[in-house]
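> could you look at this predicted model? Sequence included:
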Amino acid sequence: MYMKQKKEQAEVVAPKVEPKVEKAETDDKEKKTGAKAPPELLRGFRDILPEEQGKWNLVRDRIRAIAEAYTFDRIDLPILERSDIFLRTLGKQTDVIEKEMYVFVDPSGKSVALRPEATASVARAYINHGMLDRPHPVKLWYEGPMFRHDRPQAGRYRQFNQVGFESIGASEPIVDAQLIVLGTQIFRDLGLDIQVQVNSIGTPACRQAYLAELVSYFRPHRNKLSEDDKRRLQKNPLRLLDSKEEGMKELLADAPQILDWLDDASKEHFTRVLEFLEEIQIPYVLNPYLVRGLDYYTHTVFEFVEKTTDPDRAQNALGGGGRYDGLIELMGGRPTPACGFALGMERIVKALGDQGINPPQRPQPNVFFAQLGDAARRVGLKLYEDFRQAGIPVAEAFGKNALKAQLEIANKLGVKLTIILGQKEVLDGTIIIRDMESGAQEIVDVNKIVGVVKRKLSSEEEVVKPIVRQSPVARD
Ligand code: AMP
């Protein structure tokens, strides 16, 4: 546990200590070879390259449309928060708090953390901004990076993006059900096949009685448990239910199930949620081992699990959440019921890619602008703005001078038209327009070029009256 900092300590200005800088692996290589090594990317962190952005845009756009359709309001929250926001709420014995939080003391001596999740931040914002006075439920959604110093592996990064939905201020089971519907619709909209898994972990009171039973069931089997599970048995026995360790499946099959320990109110709540799902025909699977990683959950918990045959991803949930009726009170607010869930964007994007869905990140330009000489560049820059204002994206290679090189790039980009501006055209007030498929070129009044291109693109058949017809051979 490296985060046992007392509250008062967090306020004290930390002594100036030189941060311990770990030697990069590249340092040794550099020493040996003398060559400058490429800069190192932190393990578990990644760049999202332009080639992937189409999928990200698709996911973001669809999710945003759904959020608006279900009348959720967007909230943006800071990435850095006081660490006690998470320490107080997520549960001391959870993996996130025990070993995954990026915690450090900032230059003013405060203990801060890169957020490992955003529900606690949403609850903080709800209290800070007096959202109690807003019409309830307060429905908020967010999107952004989260940080967990977990062991990097397939589908698990140290910085990853989540989108989340939180509905605060209503305890009715219909809220839980609608959130599950909303999540399901996101996956349907994206064309991803998922399974909804649900369970109830009741209230803290009925959970206490169940945990005592669970511990006495596992105690005689203690020597069969892994070191991790032994620790769980002692500190957070509920987590034994979703242990993936060898041999646990058999042990769990006979373990007491939490559903049998729910009090009447919890049973009633859960039954109503399931009835709503049946009513709206959202298929679900009861998973008695589903408990979720964080302490603040109550009643309904659920996960969206990808239906895949890939063993690397079979256990990876695309998202999950549940009810957290105690969280806002725990953070110092009035008792306020709430329910929500978060989806992992990297995993959704990966699932899209696996299905061959890979849209372009932006509309591909159909026009290339080739310029020859300084005068052409000067006119060209203004012309480029005219095209932009007309909503026509134009590719260019302003760094190149030779026409041949520019036409090669235009060909590579697969544009329909290239407009060519040379010294002579600048003097004449004209511009050449080249059909890249046929190679035919026309000379057009430069002031009319935007309109001509627009017409050519919108209707390929349309005849544009050329001033002069040129041979299809390009000049260099
Ligand atoms: P959690 O808050 O842990 O339930 O996470 C919600 C969702 O975020 C998960 O179902 C995953 O899709 C995603 N997620 C959680 N941790 C990671 C991680 N380390 N790397 C990538 N995605 C993650």
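Happy to help now that I have it. Numbering: from 1, shown residues only.
> test my guess that residue 371 contacts residue 380.
Yes: in terms of Cβ atoms under 8 Å, residue 371 counts as a neighbour of residue 380; the distance is 4.5 Å. (Each C-beta comes from the backbone N, C-alpha and C, glycine too.)
> what are the buried residues along stretch 156-172?
Across stretch 156-172, burial judged by 16 or more other Cβ atoms under 10 Å covers 157-171.
> from memory residue 277 sits against residue 180, does it?
Yes: distance between residue 277 and residue 180: 6.3 Å, which falls inside the contact criterion (Cβ under 8 Å).
> between the two, which one's more packed in?
Neighbours per residue (other Cβ atoms under 10 Å) separate residue 277 from residue 180, with residue 180 holding more: 26 against 22.
> identify the contacts common to residue 277 and residue 180.
196, 198, 284 (Cβ atoms under 8 Å, 6 or more residues apart in numbering).
> next, format those residues as JSON lines and append distance to residue 213, secondary structure and pLDDT.
Converted to JSON lines, the shared contacts of residue 277 and residue 180 look like this (distance: Cβ to Cβ, whole Å; DSSP: H, G, I helix; E, B strand; the rest coil; pLDDT from 0 to 100):
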{"residue": "196", "distance to residue 213": "27", "secondary structure": "strand", "pLDDT": "97"}
{"residue": "198", "distance to residue 213": "22", "secondary structure": "strand", "pLDDT": "97"}
{"residue": "284", "distance to residue 213": "26", "secondary structure": "coil", "pLDDT": "97"}
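> now rank those residues by neighbours and give me the top one.
Taking other Cβ under 10 Å as the neighbour criterion, residue 198 ranks highest of the shared contacts of residue 277 and residue 180 with 22 neighbours.
> the stretch 51-200 of the chain: strands as residue ranges?
For the stretch 51-200 of the chain, the strands defined by DSSP state E, counting those that start in this stretch cover 73-74, 80-82, 102-105, 111-114, 138-147, 159-168, 194-200.
> quick one: low-confidence ranges for the protein?
Low-confidence segments of the chain, defined by pLDDT under 70, are located at 1-34, 311-315, 459-476.
> and the contacts of the top helix by length along it?
Residue-count comparison of every helix in the chain, with assignments taken from DSSP state H, identifies helix 50-69 as the longest. Taking Cβ under 8 Å, 6+ apart as the criterion, the residues outside helix 50-69 that touch it are 48, 74, 141, 143, 163, 165, 182, 185-186, 189-190, 343, 345, 348-349, 352-353, 357-362.
> list buried members of those by neighbour count.
Judged by neighbour count, with 16+ other Cβ under 10 Å as the criterion, the buried members of the contacts of helix 50-69 are 141, 143, 163, 165, 182, 186, 190, 343, 345, 348-349, 352, 361.
> any idea which of those is closest to the ligand?
Proximity of the buried ones among the contacts of helix 50-69 to the ligand was ranked by Cβ to the nearest ligand atom; the top entry is residue 343 with 6.0 Å.
> distance-wise, check the closest residue to that closest one other than its chain neighbours relative to residue 174.
Nearest-residue entry for residue 343: residue 319, 3.4 Å, with adjacent residues in sequence omitted and distances by Cβ to Cβ, 6 or more residues apart in numbering. Using Cβ to Cβ, to the nearest Å, one gets 20 Å for the distance from residue 319 to residue 174.
> between these two, which is the more surrounded one?
Here residue 319 and residue 174 are compared on neighbour count by other Cβ under 10 Å; more neighbours surround residue 319, at 24 against 13.
> please give the element, helix or strand, for that one.
Assignment of secondary structure by DSSP states H and E places residue 319 within strand 317-323.
> residues contacting residue 261?
The contact partners of residue 261, taken as Cβ under 8 Å, 6+ apart, are 202, 206-207, 209-210, 213.
> would you tell me which residues of the stretch 51-200 of the chain are close to the ligand?
If contacts are counted using Cβ under 6 Å from any ligand atom, the residues of the stretch 51-200 of the chain sitting beside the ligand are 117, 148, 150, 155-157, 160, 162.
> how does it look with 8 Å?
Within the stretch 51-200 of the chain, the residues that sit near the ligand (Cβ under 8 Å from any ligand atom) are 96, 117, 119, 146, 148, 150, 155-158, 160-162.
> what is the most widely separated pair among those?
Largest separation among these by Cβ to Cβ: 119 and 155, giving 20.8 Å.
> more neighbours, these two?
Summary of the neighbour comparison: residue 119 and residue 155, criterion other Cβ under 10 Å, with residue 119 having more neighbours (25 against 18).
> which residue does the stretch 101-250 of the chain bring closest to the ligand?
When you check the stretch 101-250 of the chain against the ligand by Cβ to the nearest ligand atom, the closest residue turns out to be residue 160, at 3.5 Å.
> against residue 115, how distant is that residue?
Distance, residue 160 to residue 115, by Cβ to Cβ: 12 Å.
> shared neighbours, those two?
Residues touching both residue 160 and residue 115 (Cβ under 8 Å, 6+ apart) are residue 146.
> ok, and the closest non-adjacent residue to the residue of the stretch 101-250 of the chain closest to the ligand?
Here the nearest residue to residue 160 in space, its sequence neighbours aside, is residue 346; by Cβ to Cβ, 6+ apart that works out to 5.1 Å.
> next one: residue 414
The nearest residue in space to residue 414 (Cβ to Cβ, 6+ apart) is residue 364, at 7.4 Å.
> how many residues are close by residue 411?
Neighbouring residues of residue 411 were enumerated by other Cβ under 10 Å; the total is 12.
> show me the contact partners of the host helix or strand of it.
Following DSSP H and E, one finds residue 411 within helix 403-413. Applying Cβ under 8 Å, 6+ apart, the external contacts of helix 403-413 come out as 364-365, 368, 370-372, 395, 397, 400, 418, 420, 422, 434, 436, 474-476.
> now these: which count as buried?
Neighbour-count burial (16+ other Cβ under 10 Å) applied to those gives 365, 368, 370-372, 395, 397, 418, 420, 422, 434, 436, 474.
> and the residues you listed as TSV, adding distance to the ligand and secondary structure?
Formatted as TSV, the buried ones among the contacts of helix 403-413 follow (distance: Cβ to the nearest ligand atom, whole Å; DSSP: H, G, I helix; E, B strand; the rest coil):
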residue	distance to the ligand	secondary structure
365	34	coil
368	39	strand
370	44	strand
371	45	strand
372	50	coil
395	35	strand
397	38	coil
418	43	strand
420	48	strand
422	52	coil
434	47	strand
436	43	coil
474	50	coil
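> quick check: the farthest pair among the residues you listed?
Using Cβ to Cβ, the pair of the buried ones among the contacts of helix 403-413 lying farthest apart is 365 and 422, separated by 21.0 Å.
> ok, what's across the strand from whatever residue of the chain ends up closest to the ligand?
For the chain, the nearest residue to the ligand under the criterion Cβ to the nearest ligand atom is residue 344, separated by 2.1 Å. For residue 344, the beta-bridge partners under DSSP bridges are residue 162.
> wait, it touches residue 319, no?
Yes: contact criterion Cβ under 8 Å: residue 344 and residue 319 qualify, at 6.0 Å.
> residue 450: neighbouring residues, count only.
18.
> relative to strand 159-168, how tilted is the strand holding residue 319?
Going by axes from the mean of the first three to the mean of the last three Cα atoms, to 10 degrees, strand 317-323 is angled at 30 degrees with respect to strand 159-168.
> quick one: strands adjacent to strand 317-323?
In the sheet, strand 317-323 lines up against strand 298-306 (antiparallel), strand 338-344 (antiparallel) (DSSP bridges).
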